[in-house]
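Colleague: My questions concern the predicted model and sequence given below.
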Amino acid sequence: MNNTKINNTKTSAVSNSLLSPGHRACAGCGQIIAARIVADTLGPQTIIANATGCLEVTTTPYPESSWGMPWIHSLFENAPAVASGIHAALNYKSKVESQKSKVKVIAQGGDGSTFDIGIGLLSGMWERNENILYICYDNEGYMNTGAQASSATQWATNTTTTPAGIGTEIDAIGSHLFKKDMIAIALAHNLKYVAQTTIGYPLDIIAKIKKAKEINGPSYIQILVPCIPGWKIESNQTIKLAKLATQTGLYPIIEYTDGVLTSSQKINQPQTPVEAYLKQQGRFNHLFKNETGRKQIKFIQQIANKNIRKYNL
Ligand SMILES: Cc1ncc(C[n+]2csc(CCOP(=O)(O)OP(=O)(O)O)c2C)c(N)n1
Ligand code: SF4
Ligand SMILES: [Mg+2]
């Protein structure tokens, strides 16, 4: 039962940020950089319900906390339900005090909790049309438990549950499931605001969080956040790879308001081939070793090209 931690709300003496140093995230972790930008953009008038995952584990080794704002750890699957409870309590308080609450409620988690295990509760939260912003830190796998595949994992990724080079020809390519289209799922819930971005463009994250904060209704922001051991990359490659994900067309920066595509970030011309992105990551090393691998690179290029056409990038 006591899987729940609540932090004290003191801001660190050594940092002006609401997510202070001293956490245990890997050097160069895309998720911690993004979360810090998110926290500082939201400001202290915020309550966060955080699902289990690397962000929670590395920032709150009991009894310590890096969070300088009200923050609660929920189970892996139920951050949205916890956020709904907080939202209901704030509404009740507003009625009793006849004063509108200025606090923004946030639920957040990794791709595993968002795309897979928490999707039912997330769908329920969205259905209730509450004024809650959900943020997904997408590192394309269950990284806290050793880089297993999630439904956010890209085609042909080598993960510990989809090991490349083992089994039949199709098994040997690594993951052979398509990355789930969570943006489409969010849009199907008629959210006020839905956006996708990457840690390669921090100013874009700030702009999107600011917008979602002001929106009175449910919203969803998904941020691509490279993982050092999970992607088998060096600590100094995080930003460069997140940029390449966008520039190749694999992870477009897009924004929908009331279901309408209101902005998309154009990619640089000439178009960067997906190979430039894949070849710098150990999780795709196997694709450069034989003809089967090269076929998968061509297939991933088709996925990127489809995005470029769909969003007119
Ligand atoms: C119900 C449940 N199943 C499994 C786990 C073990 N577990 C803890 S963190 C984690 C991975 C989280 O993946 P993700 O949500 O993508 O976040 P990341 O660690 O990648 O940031 C898993 C499987 C758990 N805590 N609870
Ligand atoms: S394992 Fe990945 S997600 Fe977890 S702290 Fe390290 S870099 Fe970040
Ligand atoms: Mg993950």
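Modeller: Arrived safely, thanks for sending. Ligands and ions are numbered 1, 2, ... in the order given.
Colleague: For the rest of this, base every contact and every neighbour count on C-alpha atoms.
Modeller: OK.
Colleague: which parts of the helix or strand hosting Gln296 are buried?
Modeller: Assigned by DSSP states H and E, Gln296 belongs to helix 291-311. Applying a neighbour-count criterion of 16 or more other CA atoms under 10 Å, one finds 293, 296-297, 300-301, 303-305, 307-308, 311 buried in helix 291-311.
Colleague: just checking, Ile223 is part of a helix?
Modeller: No - counting by DSSP: H, G, I helix; E, B strand; the rest coil, Ile223 is not found in a helix; it is strand.
Colleague: Who are the contact partners of it?
Modeller: For Ile223, the contacting residues are 34, 135-138, 196-199, 205, by CA atoms under 8 Å, 6 or more residues apart in numbering.
Colleague: Return the closest of those with respect to Ile117.
Modeller: Of all these, Ile117 sits closest to Cys136, with 12.9 Å by CA to CA.
Colleague: Excluding residues flanking it in the chain, which one is nearest the closest one?
Modeller: Gln222 (4.7 Å; CA to CA, 6 or more residues apart in numbering).
Colleague: again with Asn144
Modeller: In space, Asn144 is closest to Cys54, 4.9 Å off (CA to CA, 6+ apart).
Colleague: before we move on, the earlier item: any chance of TSV for the buried residues of helix 291-311, columns pLDDT and distance to ligand 3?
Modeller: Formatted as TSV, the buried residues of helix 291-311 follow (pLDDT from 0 to 100; distance: CA to the ion, whole Å):
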residue	pLDDT	distance to ligand 3
Gly293	96	24
Gln296	97	23
Ile297	98	23
Ile300	98	20
Gln301	98	23
Ile303	98	21
Ala304	98	21
Asn305	98	25
Asn307	98	22
Ile308	98	25
Tyr311	97	25
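Colleague: Serialize the residues you listed to TSV and add fields for distance to Ala25.
Modeller: As requested, those are exported to TSV (distance: CA to CA, whole Å):
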residue	distance to Ala25
Gly293	32
Gln296	32
Ile297	31
Ile300	30
Gln301	32
Ile303	31
Ala304	30
Asn305	34
Asn307	32
Ile308	33
Tyr311	34
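Colleague: about what we covered before: out of the contacts of Ile223, which are buried?
Modeller: 34, 135-138, 196-199, 205.
Colleague: filter the residues you listed by proximity to ligand 1?
Modeller: Among the buried ones among the contacts of Ile223, no residue sits close to ligand 1 (CA under 6 Å from any ligand atom).
Colleague: how about those in CSV, adding distance to ligand 2, pLDDT and secondary structure?
Modeller: Output for the buried ones among the contacts of Ile223, formatted as CSV (distance: CA to the nearest ligand atom, whole Å; pLDDT from 0 to 100; DSSP: H, G, I helix; E, B strand; the rest coil):
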residue, distance to ligand 2, pLDDT, secondary structure
Ala34, 11, 98, helix
Ile135, 15, 98, strand
Cys136, 12, 99, strand
Tyr137, 9, 99, strand
Asp138, 9, 99, strand
Gln196, 18, 98, strand
Thr197, 17, 98, strand
Thr198, 14, 98, strand
Ile199, 13, 98, coil
Ile205, 18, 98, helix
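Colleague: I'd like to know which of those residues is nearest to Ala88.
Modeller: Minimum distance to Ala88 across the buried ones among the contacts of Ile223 is 19.4 Å, recorded for Ile135 (CA to CA).
Colleague: Do I have it right that that closest one meets Asp111?
Modeller: No - between Ile135 and Asp111 there is no contact under CA atoms under 8 Å: 9.8 Å.
Colleague: Enumerate the residues of the stretch 1-150 of the chain near ligand 1.
Modeller: 52-55, 76, 109-113, 139, 141-145.
Colleague: low-confidence ranges in this structure?
Modeller: 1-14 (pLDDT under 70).
Colleague: what's near enough to touch the residue of the stretch 151-300 of the chain found nearest ligand 1?
Modeller: Taking CA to the nearest ligand atom, ligand 1 has its nearest neighbour within the stretch 151-300 of the chain at Cys227, 8.0 Å off. Residues counted as contacts of Cys227 (CA under 8 Å, 6+ apart) are 29-31, 139, 143, 233, 238.
Colleague: Next step: these restricted to helices.
Modeller: In helices, defined here by DSSP state H, the members of the contacts of Cys227 are 30-31, 238.
Colleague: Quick check: which of those residues are also close to ligand 2?
Modeller: Of the ones in helices among the contacts of Cys227, the ones that also sit near ligand 2 (CA under 6 Å from any ligand atom) are Gln31.
Colleague: how about the strands in the stretch 51-200 of the chain?
Modeller: 71-73, 104-110, 132-138, 193-198 (DSSP state E, counting those that start in this stretch).
Colleague: okay, the ones you listed in a markdown table with distance to His23 next?
Modeller: Formatted as a markdown table, the strands of the stretch 51-200 of the chain follow (distance: least, CA to CA, whole Å):
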| stretch | distance to His23 |
| --- | --- |
| strand 71-73 | 15 |
| strand 104-110 | 17 |
| strand 132-138 | 17 |
| strand 193-198 | 22 |
